[in-house]
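*Asks:* Quick one, fold the following:
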Amino acid sequence: MKNQFGTWLTSYSLPVCDLISSKNFSWICIDMEHSTISYEQMSTMIDIIQKNRKKCFVRLSKTDDEVLSKIALDCGADGLIFPKIETVEQARKAVELSFYPPIGKRGAALYKAQRYGNKLEEYVSNKSKKIELIFMIETKKAVDNLDIIYKKFKKNISSTIIGLYDLSASCNVIGKINHPQVINQLEKYKQISKFYKVSMGIHHAKPFNLDAKNTIKDEIKKSIKDYKYIAFGTETLFLDHIINDLFKKIK
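*Replies:* From the prediction side, this is the model:
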């Protein structure tokens, strides 16, 4: 398994998008669920990320976002991240929105990804079949249903990503991602995913220890052996950490 390191972008800044995607990440996620990024801004960001030879994923605003999923793919996104997948029905809808028939029900378009109709056949026969479909697993209900979701859609899923903060909220211990209840759900997620041989992912929102040595948290290093898709922070969290660390060291 080769690790694929990525990060989240939650704001619209072309220089920041260019800078972040020029670094050693394999993929960049444009977060359309928890941001005010517009469709047009998203399209421009996709271009910049891919200019820097990185894969661009778009996290949708909701589980069954038919409009945004269509626009993101037609703008050339390499994959979609569906938030809060909890049921077989939601998983089925995500597959339908991500792929053309006969696998799914995605509508045909003559837009940027298809070079406005000039390369429709090439896109359909090539890139459209390589779209990476990623499910966010963020609740106890999702973990409970993961077995049946994998049974039905394993062949269509590129990976899942565990969402620890929302998972902690579903355990009524919001923000306490190291709470025993959350750890228990995490271990169950890992066990089921390994059994079905579905790649796993994790988002380490705050990967740094706030100490004088500016070290990386131990769980980051441990996750490398289990998770294929590993996301670090967001552009705003990186900035926040640098500023906090600066003032901690100069005082």
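
*Asks:* CA only for contacts and neighbour counts going forward, please
*Replies:* Noted.

*Asks:* mind listing what's buried in the helix or strand harbouring Ile242?
*Replies:* Following DSSP states H and E, one finds Ile242 within helix 235-250. By 16 or more other C-alpha atoms under 10 Å, the buried positions in helix 235-250 come out as 235, 237, 241, 245.

*Asks:* how much distance is there from that helix to the middle of the chain?
*Replies:* Here helix 235-250 shows a centroid-to-chain-centroid distance of 24 Å under the convention C-alpha atoms, centre = their mean, to the nearest Å.

*Asks:* what does stretch 127-147 give?
*Replies:* For stretch 127-147, the gap between its own C-alpha mean and the chain's C-alpha mean amounts to 10 Å (C-alpha atoms, centre = their mean).

*Asks:* for stretch 24-32, same thing?
*Replies:* Stretch 24-32 sits 8 Å away from the centroid of its parent chain (C-alpha atoms, centre = their mean).

*Asks:* what's the first-to-last distance across it?
*Replies:* 23 Å (C-alpha to C-alpha, to the nearest Å).

*Asks:* And stretch 217-227, by the same measure?
*Replies:* 16 Å.

*Asks:* do the same with stretch 187-204
*Replies:* Length of stretch 187-204, first residue to last, C-alpha to C-alpha: 16 Å.

*Asks:* quick one: average pLDDT of it?
*Replies:* Stretch 187-204 carries an average pLDDT of 96.

*Asks:* Now that stretch: buried residues?
*Replies:* Here stretch 187-204 shows 188-190, 192-193, 198-204 as buried, counting by 16+ other C-alpha under 10 Å.

*Asks:* Now, the residues you listed that are in helices?
*Replies:* Members of the buried residues of stretch 187-204 lying in helices (criterion: DSSP state H): 188-190, 192-193.

*Asks:* so who does Ala113 touch?
*Replies:* 73-76, 123 (C-alpha atoms under 8 Å, 6 or more residues apart in numbering).

*Asks:* hmm, try it at 10 Å
*Replies:* Ala113 makes contact with 71-78, 119-120, 123-124, 127-128 under the criterion C-alpha atoms under 10 Å, 6 or more residues apart in numbering.

*Asks:* Present the buried residues of stretch 187-204 as a markdown table; the columns should include distance to Lys23.
*Replies:* Shown next, in a markdown table, are the buried residues of stretch 187-204 (distance: C-alpha to C-alpha, whole Å):
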| residue | distance to Lys23 |
| --- | --- |
| Lys188 | 33 |
| Tyr189 | 30 |
| Lys190 | 29 |
| Ile192 | 33 |
| Ser193 | 30 |
| Val198 | 27 |
| Ser199 | 24 |
| Met200 | 23 |
| Gly201 | 20 |
| Ile202 | 19 |
| His203 | 18 |
| His204 | 18 |
